[in-house]
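Participant: I'll drop the sequence and a predicted model, then ask my questions.
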Amino acid sequence: MNSFAKNILKIFLVGLVVTIVRIIGQLSIPAGEQTVLEPSIFAQNGTMPLAFTV
């Protein structure tokens, strides 16, 4: 493997780890009460972490 491919692999792995940590962090935030706007469809059906990751 050349150094370019190793660097791309490192960048990909760091991005993957950061994304996983961010998802775990978002799931640990408690849901708050909001009166101004209704919850989105992603919040209603539980796919918000997936929607924000993509």
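Facilitator: That came through, no problem. Residues are numbered from 1 along each chain as shown.
Participant: poorly predicted segments of the protein, please.
Facilitator: 34-35 (pLDDT under 70).
Participant: and the contacts of the longest helix along it?
Facilitator: Taking DSSP state H as the assignment, the helix of the chain that covers the most residues is helix 3-27. Contact with helix 3-27 is made by 1, 48-49, 52-53, as judged by Cβ atoms under 8 Å, 6 or more residues apart in numbering. All C-beta atoms are positioned from the backbone trio N, CA, C, and that covers glycine.
Participant: please flag which of those residues sit within helices.
Facilitator: Counting by DSSP H, the part of these found in helices is 48-49, 52-53.
Participant: could you report the neighbour count for the closest residue to M48 other than its chain neighbours?
Facilitator: Excluding the flanking residues, the one nearest M48 by Cβ to Cβ, 6 or more residues apart in numbering is F42, at 4.4 Å. F42 has 13 neighbours, counted by other Cβ atoms under 10 Å.
Participant: tell me which element F42 is part of?
Facilitator: Element membership for F42 (DSSP states H and E) is helix 41-45.
Participant: ok so, going back, identify the farthest-apart pair in the contacts of helix 3-27.
Facilitator: M1 and M48 (37.2 Å; Cβ to Cβ).
Participant: can you pick out the residue with more neighbours from the two?
Facilitator: Per other Cβ under 10 Å, whichever of M1 and M48 has more neighbours is M48, with 18 against 7.
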